[in-house]
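Asker: one predicted model, sequence on top.
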Amino acid sequence: MLKEFKEFITGGNVIEFAVAVIMAGAIGAVVTGFVNNIVMPFVGHFTGGVDFADKKIILDDAVLDAAGKVTTPENAIMYGAWINTIINLIIVGFVMFIIVKAYNKTKKPVEEPAPAGPSQEDLLAEIRDLLKK
């Protein structure tokens, strides 16, 4: 069982999968930074200075005590953060599409074998038989 596990863990598929997971995490962080720090400021500029990350619908206000300390935090729907997440998803999907498309171009096309037909000897024998008639 230990030998089988060693073969499994050192097999190409597991290592490739681990690399893919690590790369996906890195790409996700880069895309999140790109959306939050580059895309959304442009969107905010063209929408009159709106910062989508702060957009929310407050369902219940925060409750403060006499000292001004929050005893119950506000309950809010953070739809601006959700919009940022949707933009992240679209960008990550596009980047993955480009990567897969580039990878598919590097693969050699699989040649399909020629359809099996009569061999050259069979054709020559058929011609010989026709000539005999």
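Answerer: In hand now; what should we look at?

Asker: can you pull the contacts of the closest residue to K56 other than its chain neighbours?
Answerer: The spatially closest residue to K56, leaving aside those adjacent along the chain, is A76, at 4.3 Å (CB to CB, 6 or more residues apart in numbering). Every C-beta, even on glycine, is put in place using the N, C-alpha and C of the backbone. Taking CB atoms under 8 Å, 6 or more residues apart in numbering, we find A76 in contact with 56-59.

Asker: can you pick the most crowded of those residues?
Answerer: K56 (14 neighbours; other CB atoms under 10 Å).

Asker: end to end on stretch 55-70, go ahead and measure it.
Answerer: 21 Å (CA to CA, to the nearest Å).

Asker: give me the mean pLDDT for that stretch.
Answerer: If you average the pLDDT over stretch 55-70, you get 87.

Asker: do stretch 28-38 as well
Answerer: The average of the pLDDT scores along stretch 28-38 is 83.

Asker: dump the contacts of A76 to a markdown table, plus distance to S119 and secondary structure.
Answerer: Output for the contacts of A76, formatted as a markdown table (distance: CB to CB, whole Å; DSSP: H, G, I helix; E, B strand; the rest coil):
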| residue | distance to S119 | secondary structure |
| --- | --- | --- |
| K56 | 76 | coil |
| I57 | 76 | strand |
| I58 | 81 | strand |
| L59 | 79 | strand |
